[in-house]
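> Quick one: sequence and predicted model below, then my questions.
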Amino acid sequence: MTKPLIPLALGIVLLGGCATMDAFNSLQKTVQEQGITIARAFTLTNKAHVYLTWFRPNGKIKEISRYRGSSFEVTFTPASGVSFVEDLSEPPVLTGMNYSYDLKFDDDSKVTRSISPIDAISETAQLLKPDNDPLGQSKLSTRKPTFEWQRLNPSLDSKKALAYMITVAELDPGSFSDPNNIKFTPTTANVKYSALIDPAKHSSGSAVSIEMGAKSDIPLATELLDAMKGDAAVLQTKDGDKTVPLEANKFYAWTVTPIVYTTDQTAFALGNMQTPRFFQVQ
């Protein structure tokens, strides 16, 4: 995993009036003096990752100290000139724990940020359509198929929400001579489409249904996919206008992975990928 979550967009709406201008000037002064510092947590394959991102007009990062609850754990020094870092220090960060980070700068100022990595859910989503076809005997007549899966109902508290990552990948047709040898892994998949889907926007009864090419629509989707990508081809960002129709006479696999995220958009957890289904386009 090589890239952090870097959501640094800051939107400011000027409505006019002295009060609004005073608020803007105060915000501008705060950014100039203290910069912007953001913490994000991401859980993948049951391992928690914490990323820190900062923008500092004046002063450079000197060191970062991590606390678990009120107990000091470790201090580490980011490389010179960087503006983001993944906490790779020992002991490793854990899900379900509350952490705080003191970022100390060379002008002796300090910024503190808190973060709590969360656990993924154990359930996998049941895939419904297109039907499974490991021998490629049936063919879809459309190059932009609709995918449907059973909506999950995990027990989540009010501060968490559920989303799904759908992935469609092209397969080597030679695999179909022996379905037991079909390979679909994060490092081998030739991804044609991947998106992070909010089920509330695509539900029909107990199922979630989307057409291939639907754009990611959960908060921070672009940053999340970018952070997950690393060397795993299955996590490439290929949604919306980055998607091209599937090709005739080729074989494909599709699957869905549940994602839990906090409603304040600070922590995300990728669950277990469902066993893929296979289809052919005519």
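Okay, I see it. Numbers count the residues shown, from 1 in each chain.

> Where does pLDDT dip in the stretch 51-200 of the chain?
Flagging of the stretch 51-200 of the chain using pLDDT under 70 yields the residue ranges 133-138, 173-188.

> could you pull out the strands for it?
For the stretch 51-200 of the chain, the strands defined by DSSP state E, counting those that start in this stretch occupy 61-68, 71-76, 84-86, 99-105, 110-115, 127-129, 139-140, 146-150, 160-171, 190-197.

> want to throw these into CSV with distance to G240 and mean neighbour count?
Quick note: C-beta positions are derived from backbone N, CA and C, even for glycine. Putting those into CSV (distance: least, CB to CB, whole Å; neighbours: other CB atoms under 10 Å) gives the following:
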stretch, distance to G240, mean neighbour count
strand 61-68, 35, 18
strand 71-76, 37, 12
strand 84-86, 25, 19
strand 99-105, 34, 18
strand 110-115, 29, 16
strand 127-129, 22, 17
strand 139-140, 21, 16
strand 146-150, 15, 19
strand 160-171, 13, 21
strand 190-197, 8, 22
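
> got a list of what G96 touches?
With contact taken as CB atoms under 8 Å, 6 or more residues apart in numbering, G96 is in contact with S116, P117, I118, D119.

> and of those, the nearest to K110?
Distance to K110, by CB to CB, is smallest for S116 among the contacts of G96, at 20.7 Å.

> ok, so what distance separates the closest residue to V168 other than its chain neighbours from D241?
Once its chain neighbours are removed from consideration, V168 has its nearest residue in Y193; the separation is 4.1 Å (CB to CB, 6 or more residues apart in numbering). Using CB to CB, to the nearest Å, one gets 12 Å for the distance from Y193 to D241.

> again, but for K250
When distance is defined by CB to CB, K250 is 21 Å away from D241.

> Of those two, which one has the most company?
Neighbour tally, K250 and D241, criterion other CB atoms under 10 Å: the higher count belongs to K250, 16 against 7.

> what pairs with that one across the strands?
Partner residues in beta bridges with K250, using DSSP bridges, are V281.

> For it, give me its contacts.
Contacts here follow CB under 8 Å, 6+ apart; on that basis K250 touches E170, L171, P173, Q280, V281.

> Tell me how many other residues crowd the closest residue to K60 other than its chain neighbours.
Counting by CB to CB, 6+ apart, the nearest residue to K60 once its immediate chain neighbours are dropped is D106, at 5.1 Å. Other residues near D106 number 12, with proximity taken as other CB under 10 Å.
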